[in-house]
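# Fold the stuff below for me.
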Amino acid sequence: MPSNASFFLAVRYLRPKRSFVSIITLISVLGVMLGVGVLVVVMSVFKGWQVEYKQMLLGFEPHVILSQEPPFTGELPEGAPPPLRSNWREVLKEVQKLPGVISATPMAEGTVAARFGDSDPQGLELFGLKDGADNALLTKLAKHRLEGEFNLRDDTIIITNKIAKKLNVKVGDVLSILASETIRQMIRDLRTAEEESDPEKARAAREDIVVLPRDLTITAIIRGDTAGDRCYAPLSIAQELFNLEGDVGGIELELTDPDQANAFAEALYSGTTLPPDWTLRTWTSQHGALLQSVENQQSLMYFLLFFIMLVAAICVMNTTITVTVQKRREIGILTALGSRPGQIISIFLAQAGIVALVGIFLGIVGGITVLHYRNDLREAIAQTTGRDIFPQDIYFLSGIPSQIQPADLTSICGLAIVLCLLAALIPAWFAARVDPAVALRD
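Numbering: from 1, shown residues only. Next up is the predicted model:
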């Protein structure tokens, strides 16, 4: 037989007598196309979500935060010296010298209640940061500015558009801010006044309770899908709100390589730079569980999608079985003319390869097309069904992300071809073992 005979017969067997493409061949191609297309879409979305979420975290989260334990306020045993408390300024000077540190600046963080006019107060996480060009955290936060002037000077505050929507505020409005500890202290004082048996003392105690909120002007609004319910104020304002009296809540570090944050933290723990009354946390320790959850979901999804490709391969097997049954007489003639079993098998493997290649091509084109219009399809589905298939509150991103990796496309194509060829090998092997005399008699 000529070297191209297998390919010629494979193409010929895929074409029936009265139509260009048979129904069973079309079903096989559609099966492979759908399997490959679904794999392309799902793998690209999962990879895009993982990359975008990581970039989102690195866009607003400090790489490493050093926190000093609060001062000891309990009673010490008689004669026991008070616990040593290190000076945060000395710690700041030491960590600024460490290799891999872009910037190290003091900060304060805590929970506050924000209110605008007569609206209900909203609980927010407030970061007090030091303004200046040497603060790398402010530099990367400024990239997410939507409106206003990004600065932390005087009595100012920077909020997200998510917070602005909740409070119905805009740039230039003034928010009344109360620290959560101030609110708790006010509640404790009110309870103490209510428990007072003497009415005059109770009235005097209630009159002594004076809580003055701090009024801060909104100077900028940044993206809410990066910072969530976090707001930013000058460090001096945060120190006043959280009663730090010139102290700081911690030191935030920006590293040259944020992926090395855990290694940096381990080296800092094992060294002598960090005093015993300091602790630290990294951006991965804060949000690593969710990143790991994404990877686990991705692995499970790949396992499930493997069965989609397996179903597509079974469609190819059905096509090969049908063709070998229909062409039983021709197979017998080829065998009688001296065709070897390997040549018979190569005919049907070439047929499966053609179906796989056509299905892979159409699947990749279809998958890329769906990815291109993914957010338009999301809006159309939401308008039709009334349900958002990619809610921002769950996935933390305003749009469906996507990132096509060449390695993923290669693995998808390889998996599809291997499964299709293996599926066609079994019926092709049985077809090659047909006795020519029996085949011609039947």
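# export the longest strand along the chain as PDB, just CAs?
Taking DSSP state E as the assignment, the strand of the chain that covers the most residues is strand 101-115. C-alpha atoms of strand 101-115 as PDB (Å, rounded to 0.1, in the frame of the first residue of the first chain):
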ATOM      1  CA  VAL A 101      13.000  45.800  51.900                       C
ATOM      2  CA  ILE A 102      11.700  48.600  49.600                       C
ATOM      3  CA  SER A 103      10.100  50.600  52.400                       C
ATOM      4  CA  ALA A 104       9.300  50.300  56.100                       C
ATOM      5  CA  THR A 105       7.000  52.900  57.600                       C
ATOM      6  CA  PRO A 106       5.000  53.100  60.800                       C
ATOM      7  CA  MET A 107       1.300  52.500  60.800                       C
ATOM      8  CA  ALA A 108      -1.700  52.100  63.000                       C
ATOM      9  CA  GLU A 109      -4.800  50.000  62.300                       C
ATOM     10  CA  GLY A 110      -8.100  49.400  64.000                       C
ATOM     11  CA  THR A 111     -11.900  49.300  63.600                       C
ATOM     12  CA  VAL A 112     -13.900  52.500  63.400                       C
ATOM     13  CA  ALA A 113     -17.500  53.600  62.900                       C
ATOM     14  CA  ALA A 114     -18.100  56.100  60.100                       C
ATOM     15  CA  ARG A 115     -21.200  58.200  59.700                       C
END
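# from the chain's centre, how far out does that strand sit?
Distance of strand 101-115 from its chain centroid, counting by CA atoms, centre = their mean, to the nearest Å, is 24 Å.
# which other helices and strands contact that strand?
In terms of contacts (3 or more CB pairs under 8 Å, 6 or more residues apart in numbering; DSSP states H and E), strand 101-115 is packed against helix 88-96, strand 122-129, helix 136-142, helix 161-167, strand 174-179, helix 180-195, helix 235-241, strand 250-255. All C-beta spots, glycine's among them, are computed from the backbone N, C-alpha and C.
# what do you get if the cut-off is 6 Å, keeping everything else the same?
Here strand 101-115 touches helix 88-96, strand 122-129, strand 174-179, strand 250-255, going by 3 or more CB pairs under 6 Å, 6 or more residues apart in numbering; DSSP states H and E.
# So which bits of it are buried?
Across strand 101-115, burial judged by 16 or more other CB atoms under 10 Å covers 101, 103-110, 112-114.
# same question, stretch 85-92
So for stretch 85-92, counting by 16+ other CB under 10 Å, buried means 88, 91.
# Just the C-alpha atoms of it, please, in CSV.
Extracted in CSV, the C-alpha atoms of stretch 85-92 (Å, rounded to 0.1, in the frame of the first residue of the first chain):
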residue,chain,number,x,y,z
ARG,A,85,8.9,47.2,75.9
SER,A,86,11.1,47.9,72.9
ASN,A,87,11.2,51.2,71.1
TRP,A,88,9.4,51.0,67.8
ARG,A,89,11.7,53.7,66.3
GLU,A,90,14.7,51.4,66.9
VAL,A,91,13.0,48.5,65.3
LEU,A,92,12.1,50.7,62.3
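# So what touches that stretch?
With CB atoms under 6 Å, 6 or more residues apart in numbering as the test, stretch 85-92 has contacts from 104, 248, 251, 275, 277.
# on that earlier part again, neighbouring strands for the longest strand of the chain, and are they parallel or not?
If you go by DSSP bridges, strand 101-115 pairs up with strand 122-129 (antiparallel), strand 174-179 (antiparallel), strand 250-255 (antiparallel).
# For the contacts of stretch 85-92, could you give me JSON lines that also reports pLDDT and distance to residue 324?
Shown next, in JSON lines, are the contacts of stretch 85-92 (pLDDT from 0 to 100; distance: CB to CB, whole Å):
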{"residue": "104", "pLDDT": "88", "distance to residue 324": "72"}
{"residue": "248", "pLDDT": "85", "distance to residue 324": "78"}
{"residue": "251", "pLDDT": "88", "distance to residue 324": "73"}
{"residue": "275", "pLDDT": "84", "distance to residue 324": "78"}
{"residue": "277", "pLDDT": "81", "distance to residue 324": "78"}
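# Widest-spaced pair of the residues you listed?
Spanning the widest gap among those are 104 and 277, at 17.7 Å by CB to CB.
# quick one: the helix or strand residue 146 falls within to chain centroid distance?
Element membership for residue 146 (DSSP states H and E) is strand 145-148. Relative to its chain's centre, strand 145-148 lies at 24 Å (CA atoms, centre = their mean).
# on contacts alone, who are the packing partners of that strand?
strand 214-222.
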